[in-house]
Each structure stands twice: as structure tokens, then as C-alpha cells.
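Q: Can you look at this prediction? I've put the sequence above it.
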Amino acid sequence: MRMSLAQRVLLTWLFTLLFLIMLVLKLDEKALWNWFLIFIPVWIFDTILLVMSIVKMAGRCKSGFDPRNGSQNMKKKVWYLIAMLLKLAFCLMLCAKLQRFTTMKLAYVFIPLWALLIGGMVELGYNIFYVRRD
């Protein structure tokens, strides 16, 4: 299943809008829902992205795939998978902290987000300053 750019953008906007509406309702105390319920649009969107990423990575295992031209692409897909898992860990820890399921310090809750941001900066620097030597 291949989605066009317009479909991906529309899907992203839809889930972001749903999340923001639910977040505003929770913060205005009009909805007394659990924080994990507020994040349902985020969970659904992340699940879709994870499934699509895993399917693309599994496509490399099919017969007839030429691995010579895909090692960089595979590294990038692994990084995207790790980034999504870090985001998921941050969201889960944040919900647990907001729902008071844990007494963990807020600084520890943000560790996956900090790791994600540092990894993103490293990837950006690599893409900007990397000189190809062919």
C-alpha cells in the first residue's frame, strides 16, 4: 500500500487536529478523560507509521532484491524506526506521568525526546556536511 504525498499530509493534519481538539478539551477540563485516551490519535498515527516502515523494511527480504544499492536507504529506515520508538516511549512516559501512574521525575520522562532531538540534529548535520566520495 503506497500513499501519495497528499494522502500522507491529509492524514497527518487529521490526526494532529483530532489530538489538539482532545487536548484542549482536557486542558479546559471539559473532558475528564484519561491522558492515554487523549493521546489515541497519536497512538493510531504512530501505529500506521510503524506498520508502513516495517513493511518497507521487510520488502528487502523478498527474493530478487538487489542489496548493493540499498544499504544507505536501510540505515535511514532503521533510524526512522528508532525515532518512532523513541517518540512512542516519550508519549507513554508523559501519559504515565500526567496520569500520576509514576512518581518519576519529569527530567527522566524527557530523556527519549532529548535522544530523538540529538539524533535528529546528528542526521541533519550528516546530511548537510557529508561529502560523497565516489
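A: Okay, I see it.
Q: What does the pLDDT read for residue 131?
A: pLDDT, residue 131: 59.
Q: longest helix of this structure?
A: helix 71-98 (DSSP state H).
Q: Pull out the buried positions in that helix.
A: For helix 71-98, the buried set under the neighbour-count rule, 16 or more other CB atoms under 10 Å, comprises 77, 80-81, 83-84, 86-91, 93-95, 97-98. (C-beta placed from N, C-alpha, C; glycine too.)
Q: how close does the residue nearest the centre of the chain sit to residue 112?
A: Closest to where the C-alpha atoms of the chain average out (CA atoms, centre = their mean) is residue 84, at 3.1 Å. Distance, residue 84 to residue 112, by CB to CB, to the nearest Å: 11 Å.
Q: likewise residue 89?
A: From residue 89 to residue 112 the distance is 4 Å (CB to CB).
Q: any weak-confidence spans in this protein?
A: By pLDDT under 70, the low-scoring segments of the chain are 1-2, 60, 62-72, 131-134.
Q: how about the helices of it, start to end?
A: 5-27, 35-38, 40-58, 71-98, 106-109, 111-129.
Q: Next, the angle helix 40-58 makes with the longest one.
A: Between helix 71-98 and helix 40-58, the angle formed by their directions is 160 degrees, by axes from the mean of the first three to the mean of the last three CA atoms, to 10 degrees.
Q: list the helices and strands helix 71-98 packs on?
A: helix 35-38, helix 40-58, helix 106-109, helix 111-129 (3 or more CB pairs under 8 Å, 6 or more residues apart in numbering; DSSP states H and E).
Q: Could you check how far that helix is from the centre of its chain?
A: Chain-centre distance of helix 71-98: 5 Å, with CA atoms, centre = their mean, to the nearest Å.
Q: what is the orientation angle of that helix with helix 111-129?
A: 150 degrees.
Q: Also compute the angle for helix 71-98 relative to helix 5-27, please.
A: Using the same axes, to 10 degrees: helix 71-98 against helix 5-27 is 10 degrees.
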